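1. I'll drop the sequence and a predicted model, then ask my questions.
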Amino acid sequence: MSFLAAPPAPHPPPPPTAAPPATGRDGAEPAGAPAALLTRLHADVLPGVLPAGPGGHVLLPEQLVVRCDRFTTPGGPVRRGGPAEELVGHLRTGVGPERLVALRVTGAGPAPGPEGDAWAAGLVGVRLAVAEAALRRATDRLAHRSVAGTATLSLPMVRALVADAAATVAEARSLSALVAAPATPGSAAGAGLLRRAHRALDQCGRTTLHLLGAVGFLADGPGAALRASELLGDAYAPARNTSEAS
């Protein structure tokens, strides 16, 4: 994997400089920006409707919450308004000024049919992009730091953490591909695969936070996108079947 490629030895390390963030395909926002990724997924799958998770929670970019006039329920979209909707809070993503808004909506839940399946699968894709961008940033940062003349990325403990994070990304990607198989979307098996993918991405995010060091725990730092990603998993991962082992 590219994450595990050995970095060149420093000769000597250059003065520290702030590397510009990697940009997305259109160059308009950094790669792995949660708000931009969620906005694109929403436009493709459920335009005009707030997708809710199994517990009635919504976690979406602020401008989408303002624009949408309905929310999803298992029986179809319902118009917003009234005491059913509770603002839980706002969440910085560490990428630009965008914030995510968290709502709790009584009676809300995942959309039925293909739209609900597409949102659930697409959300894993969003989290994968966030995880890969954060891991790439962490390894790029470590490649330009050194300990006693050795690049930090070459230290055995660091490389083991990178390998663990890369393995969980690969696991989540494989599980996501299985969910996309024709017989799987919307099935109990597909829901179980999505839950496993979310758990793998949670583990990847926590490992990457360790690799980022102190900067990963800044409120507006790169770790904020990982924390937002884990909360997306909390809000939208399929509900566990009561008969399923913990």
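-> Looks like it came in fine. Numbering: from 1, shown residues only.

2. OK, contacts around the residue nearest to residue 123 when sequence neighbours are not counted?
-> Excluding the flanking residues, the one nearest residue 123 by CB to CB, 6 or more residues apart in numbering is residue 236, at 5.2 Å. All C-beta atoms are positioned from the backbone trio N, CA, C, and that covers glycine. Contacts for residue 236 were tallied using CB atoms under 8 Å, 6 or more residues apart in numbering; they are 51, 53, 54, 57, 59, 110, 119, 120, 123.

3. ok, so of the residues you listed, who is nearest residue 90?
-> Checking the contacts of residue 236 against residue 90 by CB to CB gives residue 59 as the nearest, at 10.4 Å.

4. counting neighbours, what do you get for residue 206?
-> 15 (other CB atoms under 10 Å).

5. for the helix or strand hosting it, name the packing helices and strands.
-> Using DSSP states H and E, residue 206 sits within helix 188-212. With contacts taken as 3 or more CB pairs under 8 Å, 6 or more residues apart in numbering; DSSP states H and E, helix 188-212 sits against helix 113-143, helix 156-179, helix 223-236.

6. thought residue 179 was touching residue 121, still the case?
-> Yes - Residue 121 is in contact with residue 179 according to CB atoms under 8 Å; the separation is 5.4 Å.

7. related to what we said a few turns ago, now pLDDT too, for the contacts of residue 236, in JSON lines please.
-> Listed next are those as JSON lines, based on pLDDT from 0 to 100:
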{"residue": "51", "pLDDT": "97"}
{"residue": "53", "pLDDT": "96"}
{"residue": "54", "pLDDT": "95"}
{"residue": "57", "pLDDT": "97"}
{"residue": "59", "pLDDT": "97"}
{"residue": "110", "pLDDT": "95"}
{"residue": "119", "pLDDT": "95"}
{"residue": "120", "pLDDT": "94"}
{"residue": "123", "pLDDT": "96"}
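
8. and of those residues, the nearest to residue 211?
-> Out of the contacts of residue 236, the member with the shortest distance to residue 211 (by CB to CB) is residue 123, at 23.9 Å.

9. do you know how far the closest one is from residue 81?
-> Noted for residue 123: a distance of 26 Å to residue 81, by CB to CB, to the nearest Å.

10. in contact with residue 234, which residues?
-> Residue 234 makes contacts with residue 57, as judged by CB under 8 Å, 6+ apart.

11. please redo it, this time with the cut-off set to 10 Å
-> Applying CB atoms under 10 Å, 6 or more residues apart in numbering to residue 234 gives the contacts 53, 55, 57, 59, 198, 202.

12. now swap in residue 115 and tell me
-> Neighbours of residue 115 in contact, by CB under 10 Å, 6+ apart: 45, 46, 49, 51, 72, 77.

13. which of those residues are buried?
-> 45, 46, 49, 51, 72, 77 (16 or more other CB atoms under 10 Å).

14. those into a markdown table, with extra columns for secondary structure and distance to residue 213?
-> As requested, these are arranged in a markdown table below (DSSP: H, G, I helix; E, B strand; the rest coil; distance: CB to CB, whole Å):
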| residue | secondary structure | distance to residue 213 |
| --- | --- | --- |
| 45 | helix | 36 |
| 46 | coil | 38 |
| 49 | strand | 40 |
| 51 | coil | 34 |
| 72 | coil | 39 |
| 77 | coil | 44 |
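
15. before I go, just wanted to say thanks for your time.
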